[in-house]
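Student: the sequence and its predicted three-dimensional model are supplied below.
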Amino acid sequence: MCGLGTVAELAAMIQAGRILLLAGTETLLAQLPAGRWIGGSAVAYLGNPNGATERDRIFYSDLTDHAQTAEILLLDASELPGLARRYPENGFSFLILPGLSELLVSFARDAADYPGLYNSPLIGWISAVDLAGPLARPKIFAGNGQAHAEHGALMHVSLPRRLAAQIDVINLFSTGKGAAITFSEDGLSATSCLVDGVPQNLAAYIMRHRIDTNLPLIADYNGAAMNVSIRAVDAQAQCVDFFAPVFKTLTYRFANPLRDFPAAFDRAIATIEPGDIAFACTCVLNYRQARLEGRRAGPFTGPVTFGEIAYIALNQTLACLSIVSLDNDESDDF
């Protein structure tokens, strides 16, 4: 069950013992009591019926009717690599990381090598903030109103044996055939780079070639196409800021353009055959380009983010968690 609620309404749900995933402004989430919830900052949401920017209410996904147990952990950088140690025997885990953080950089670089990472479904999102004004630091919350900018919020959820968690991811982009771009440093911003081996300023290169900054850079990351979307191009500072980190070990190319992004997005989400949808999220650039403000994104509801998590950190995708029945008469509910 998903929806939007006031601070008072969410406080009542928390005090009633509901197991919740929450997204809202830092100011709203900081007012909530302690309980069985984790959350991250956000200001826009995929909606049913319509997508909307919402600064006065909190998005919630209520997992209580499916979950048997929920364990909440607050993880620092040293603890994050061990996140799979307490995976449920049958269930899933939900991870929220703060956007634009050093913790995100380390997770994006190293998560694929975490012990046991792929042994159980792991989904989540990269927390976001309002891009309309001065840029604040995105935050996460782990079971109480204390905000964190360099920690992860982790919830392990166990399910009855008759149920299973299913993760679906949509990535609309494919790697273009343009110039190969490499970087000398890892990070969430870049000035200099090599373009087909020639030193360039990335901001100047983008402007000179009139590259559409709605298109992500794409690299091959352990066989998967990994998007890095552009947050801002500062012509004066000659700097490019990203929603996800770039890495010096990878080679990037700009994505192929999409002729009609809203239509492509609608076709892609129609291919997912989810069960009981527990959660979905998509990147802020997808939200803008698909023109989801004021219109429906199929059956999906959830926060608009600075990135998604489906085992590893993703960017400019849609990620969805569904609870599906195993249809096994021999399985017990508990």
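Tutor: It's in.
Student: all strands for the stretch 51-200 of the chain, in order.
Tutor: 52-53, 58-62, 69-75, 91-97, 122-126, 140-142, 152-158, 163-170, 181-182, 187-190, 192-195, 198-201 (DSSP state E, counting those that start in this stretch).
Student: what's the most buried one of those strands?
Tutor: Per residue and on average, the most neighbours among the strands of the stretch 51-200 of the chain fall to strand 122-126, with a mean of 29 (mean count of other Cβ atoms under 10 Å). For glycine as for every other residue, the C-beta is placed from the backbone atoms N, C-alpha and C.
Student: so which elements touch that one?
Tutor: With contacts taken as 3 or more Cβ pairs under 8 Å, 6 or more residues apart in numbering; DSSP states H and E, strand 122-126 sits against strand 91-97, strand 302-305, strand 307-310, strand 318-325.
Student: ok so, going back, got the strands of the stretch 51-200 of the chain as TSV, with mean pLDDT columns?
Tutor: Output for these, formatted as TSV (pLDDT from 0 to 100):
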stretch	mean pLDDT
strand 52-53	90
strand 58-62	95
strand 69-75	97
strand 91-97	97
strand 122-126	97
strand 140-142	98
strand 152-158	98
strand 163-170	94
strand 181-182	98
strand 187-190	97
strand 192-195	96
strand 198-201	97
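Student: how about the ones you listed, which one is nearest R267?
Tutor: strand 163-170 (10.0 Å; Cβ to Cβ).
Student: contacts for the lowest-mean-pLDDT helix or strand in the chain, please.
Tutor: Counting by mean pLDDT, DSSP states H and E, the chain has its least confident helix or strand at strand 276-283, which shows a mean of 88. Contacts with strand 276-283, where a contact means Cβ atoms under 8 Å, 6 or more residues apart in numbering, come from 2, 21, 46, 61, 63, 66, 94, 123, 125, 165, 229, 243, 292, 297, 299-308, 315-324.
Student: now the residues you listed: which count as buried?
Tutor: Burial by neighbour count, 16 or more other Cβ atoms under 10 Å: within the contacts of strand 276-283 this picks out 2, 21, 46, 61, 63, 66, 94, 123, 125, 165, 229, 243, 292, 297, 300-308, 315-323.
Student: mind putting the helices and strands packed on strand 122-126 into JSON lines with distance to H148?
Tutor: Shown next, in JSON lines, are the helices and strands packed on strand 122-126 (distance: least, Cβ to Cβ, whole Å):
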{"stretch": "strand 91-97", "distance to H148": "10"}
{"stretch": "strand 302-305", "distance to H148": "17"}
{"stretch": "strand 307-310", "distance to H148": "16"}
{"stretch": "strand 318-325", "distance to H148": "22"}
